[in-house]
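Engineer: heads up, no residue letters with this:
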């Protein structure tokens, strides 16, 4: 198959020259045709002239012939015929009885010059009514000089006109097509032919289409560059968010134990930690596509880790209301909120909780506090939203979750709590509102608690003489685990703790550990910055899935969860490392 690069092309100059050549050939062709027409016209004129001459001399010839016929002397008649032919320039004299025999006959070409015969039939009434004298006369030859003169004076102007027309055609082609296209090919962006009235409309249309194409191409290039830049920024943002979450988990653990600090300092620390968490969640939220990460649709219901739904939403709400400086939105995170799963639709759950928080903020006015807490009571997971706003009167409280009922909001349609009630009840749960005027309101969502999925790491069980390996590129997460292990005095119980910050060091340890125990536990981070392999790849490479736990801030990514399930590796969100229960020989410690 011939490719575009191999396809032969022709130039505009070649087209113009070709047009000129064909115009000249057409001129020669028409000159030849018109020359023949001119010659034939000249012959016709001469024949008519000769016929008129014969008509004039015919009476005299007839009288002379008739007198000789009456005498009857054949010798005298022959001599008279010869004399008449010489006198009147005749080719022949014949006696016939049919006047239709007289026609114009083409003679021979003599020296390339055509000759013709003129004929006239004259009745001899003096002798017989049926006898005719046929007089033939050869038309004067159209000599070379005469023919050339006719052709010359007729055709030379036509030839000159054809040459002039050919010249003008080429010049016009060059002016209106060739030169504009050459300039357009040399510099399409600065072509000025569109301003000239003599440029062909098709060339101007081509220029406009080319400009439109170039504009669209530039837009596509800019768009691609923008997308590439945004993707790079998104990757960087995700990396920053990942790096922030590790020290944040350590700070959260430290903050819970700093009871000796004054109240105002503890409040300031919690606010700063919340702001850092908001930044990390916001960066991840912009980097990811929620439907692709969660794999959920608007109607799909599945077991969800409630804390991973609540925390990002609270971050969004803090950003949404950051303009209200006196409004505080807090969450209570601790062991009570660890490992709580319920069957919900994640998108609808966030919508319900978002509407409840919005109502609480509106009830606060310009100053107040909203606290969101997640905890479990036996088989029920409770999400509680409490505010210290103006509260709701006792008579209005029972009507709140009725369709169309709203209080204290001029633009309210009375649909938010109504839809929240329908959604929660569809999940098998219940929603309750408790409120006192001037004191505040508490909205509680109760959902059936479901079993912890196999992919979630619910507790860390350690045995004597076992080894715990922590692989993470962030020192702060090592401090979190070290602090928890130190409080359990694991080293006094013959439990060895190994810390690695690179996959290469951990791989060497795995290769040397020939006496690895089935009770060993490997706490491995997923993303190891600057390394070719991630944590799951190292687990698969060393065949240690049965002893491994993936501790990562990417627990809400569908691809990571799917890979863990395929390898049979449980997963622990990194921000829950400070709260996962640790058991030692059947005794629960934390």
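Structural biologist: Good, I have the coordinates. Just so we're clear, the structure is a prediction, and the values are computed from it rather than from any experiment.
Engineer: Give me the buried positions along stretch 548-560.
Structural biologist: 548-557, 560 (16 or more other C-beta atoms under 10 Å). The way it works is simple: take the backbone N, C-alpha and C, and place the C-beta from them, glycine included.
Engineer: Greatest separation within the residues you listed: which pair is it?
Structural biologist: The span of the buried residues of stretch 548-560, defined through C-beta to C-beta, is set by 548 and 556 at 19.8 Å.
Engineer: returning to that earlier point: just the ones of the buried residues of stretch 548-560 in strands?
Structural biologist: Among the buried residues of stretch 548-560, the residues falling in strands (DSSP state E) are 548-552.
Engineer: So what sits opposite residue 442 in the bridge?
Structural biologist: Residues in a beta bridge with residue 442, per DSSP bridges, are residue 386, residue 434.
Engineer: Please look at it and residue 435 and confirm they touch.
Structural biologist: Yes: the pair residue 442 / residue 435 is scored as a contact, 7.2 Å apart, by C-beta atoms under 8 Å.
Engineer: okay, these two: which has more neighbours?
Structural biologist: Higher neighbour count among residue 442 and residue 435: residue 435, with 20 against 16, using other C-beta atoms under 10 Å.
Engineer: show me what contacts the more buried one?
Structural biologist: Residue 435 makes contacts with 391-392, 397, 441-442, as judged by C-beta atoms under 8 Å, 6 or more residues apart in numbering.
Engineer: Quick check on these: which are buried?
Structural biologist: 391-392, 397, 441-442.
Engineer: which one of these sits closest to residue 355?
Structural biologist: Nearest member of the buried ones among the contacts of residue 435 to residue 355, counting by C-beta to C-beta, is residue 441, at 13.6 Å.
Engineer: so who does that closest one touch?
Structural biologist: 360, 363, 386-387, 389, 391-392, 433-435.
Engineer: Check whether residue 374 sits in a helix, strand or coil.
Structural biologist: strand (DSSP: H, G, I helix; E, B strand; the rest coil).
Engineer: Could you report the distance from it to residue 276?
Structural biologist: 20 Å (C-beta to C-beta, to the nearest Å).
Engineer: Which one's more surrounded, the two?
Structural biologist: residue 374 (23 against 16).
Engineer: who touches the nearest residue to the more buried one once chain neighbours are set aside in this structure?
Structural biologist: Once flanking residues are discounted, residue 374 sits nearest to residue 337: 4.2 Å by C-beta to C-beta, 6 or more residues apart in numbering. Applying C-beta under 8 Å, 6+ apart to residue 337 gives the contacts 306-307, 373-375, 579.
Engineer: Buried among these? Make that a ChimeraX selection.
Structural biologist: Provided next is the ChimeraX selection string for whichever of those are buried by 16+ other C-beta under 10 Å:
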select :306,307,373,374,375,579
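Engineer: what are the phi and psi angles of the closest residue in space to residue 302 that isn't next to it in sequence?
Structural biologist: Among residues not flanking residue 302 along the chain, residue 343 sits closest, at 6.3 Å (C-beta to C-beta, 6+ apart). Backbone torsions of residue 343, given as degrees, to the nearest 10, read phi -90, psi 110.
Engineer: Report the contact partners of residue 343.
Structural biologist: 301-304, 427-428, 447-448, 450.
Engineer: picking that back up, can the contacts of residue 441 go into JSON lines with extra columns for pLDDT and distance to residue 28?
Structural biologist: Putting the contacts of residue 441 into JSON lines (pLDDT from 0 to 100; distance: C-beta to C-beta, whole Å) gives the following:
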{"residue": "360", "pLDDT": "91", "distance to residue 28": "98"}
{"residue": "363", "pLDDT": "89", "distance to residue 28": "100"}
{"residue": "386", "pLDDT": "96", "distance to residue 28": "104"}
{"residue": "387", "pLDDT": "95", "distance to residue 28": "101"}
{"residue": "389", "pLDDT": "90", "distance to residue 28": "102"}
{"residue": "391", "pLDDT": "89", "distance to residue 28": "107"}
{"residue": "392", "pLDDT": "87", "distance to residue 28": "105"}
{"residue": "433", "pLDDT": "92", "distance to residue 28": "104"}
{"residue": "434", "pLDDT": "92", "distance to residue 28": "108"}
{"residue": "435", "pLDDT": "90", "distance to residue 28": "107"}
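Engineer: Drop anything exposed from those.
Structural biologist: 360, 363, 386-387, 389, 391-392, 433, 435.
Engineer: So which of those residues is the closest to residue 481?
Structural biologist: When the buried ones among the contacts of residue 441 are compared against residue 481 (criterion: C-beta to C-beta), the nearest one is residue 386, at 33.0 Å.
Engineer: Hmm, the closest one is touching residue 440, no?
Structural biologist: Yes: assessed by C-beta under 8 Å, residue 386 is found in contact with residue 440 at 6.5 Å.
Engineer: What is the neighbour count of residue 461?
Structural biologist: 14.
Engineer: One more: residue 364?
Structural biologist: Neighbour number of residue 364 under other C-beta under 10 Å is 21.
Engineer: Tell me where the stretch 451-590 of the chain has strands.
Structural biologist: 460-462, 467-471, 496-500, 521-525, 548-552, 571-573, 582-584, 587-589 (DSSP state E, counting those that start in this stretch).
Engineer: partners of the fifth one in the sheet?
Structural biologist: Strand 548-552 has the following sheet partners, assigned by DSSP bridges: strand 521-525 (parallel), strand 571-573 (parallel).
Engineer: Most tightly packed of the ones you listed?
Structural biologist: Ranked by mean neighbour count, the strands paired with strand 548-552 are led by strand 521-525 with a mean of 24 (mean count of other C-beta atoms under 10 Å).
Engineer: what's in contact with that one?
Structural biologist: 460, 462, 466-474, 477, 481, 506, 535, 538-539, 544, 547-552, 572, 574.
Engineer: Break the protein into its domains for me.
Structural biologist: Domain segmentation of the chain under automatic domain parsing yields 12-155, 304-448, 460-589.
Engineer: Switch the ones you listed over to a markdown table; also include distance to residue 212.
Structural biologist: Formatted as a markdown table, the domains of the chain follow (distance: least, C-beta to C-beta, whole Å):
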| stretch | distance to residue 212 |
| --- | --- |
| domain 12-155 | 22 |
| domain 304-448 | 41 |
| domain 460-589 | 41 |
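Engineer: just flag whichever of the ones you listed has the lowest average confidence.
Structural biologist: When those are compared by mean pLDDT, domain 12-155 comes last with a mean of 66.
Engineer: which residues in the stretch 401-550 of the chain form helices?
Structural biologist: 416-426, 475-487, 503-512, 535-542 (DSSP state H, counting those that start in this stretch).
Engineer: what do you get for the stretch 201-350 of the chain?
Structural biologist: For the stretch 201-350 of the chain, applying DSSP H, counting those that start in this stretch gives helices covering 201-257, 263-287, 290-294, 306-320, 346-364.
Engineer: any idea which of those helices scores lowest on pLDDT?
Structural biologist: helix 290-294 (a mean of 43).
Engineer: picking that back up, nearest to residue 248, of the domains of the chain?
Structural biologist: It's domain 460-589; of these, that one is closest to residue 248 (C-beta to C-beta) at 6.9 Å.
Engineer: Let's have the strands paired with strand 548-552 in TSV, adding distance to residue 350.
Structural biologist: Formatted as TSV, those follow (distance: least, C-beta to C-beta, whole Å):
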stretch	distance to residue 350
strand 521-525	27
strand 571-573	17
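Engineer: Residue 67 is nearest to which of the ones you listed?
Structural biologist: Comparing those under C-beta to C-beta, the one sitting nearest is strand 571-573, at 145.0 Å.
Engineer: Touching the closest one from outside, list them.
Structural biologist: 305, 307-308, 455-457, 523, 549-553, 555-556, 560-561, 564, 580.
Engineer: And for residue 249, nearest residue in space, chain neighbours not counted?
Structural biologist: Per C-beta to C-beta, 6+ apart, closest to residue 249 is residue 575, 5.1 Å.
Engineer: what's the burial count for that neighbour?
Structural biologist: Counted with other C-beta under 10 Å, residues neighbouring residue 575 total 21.
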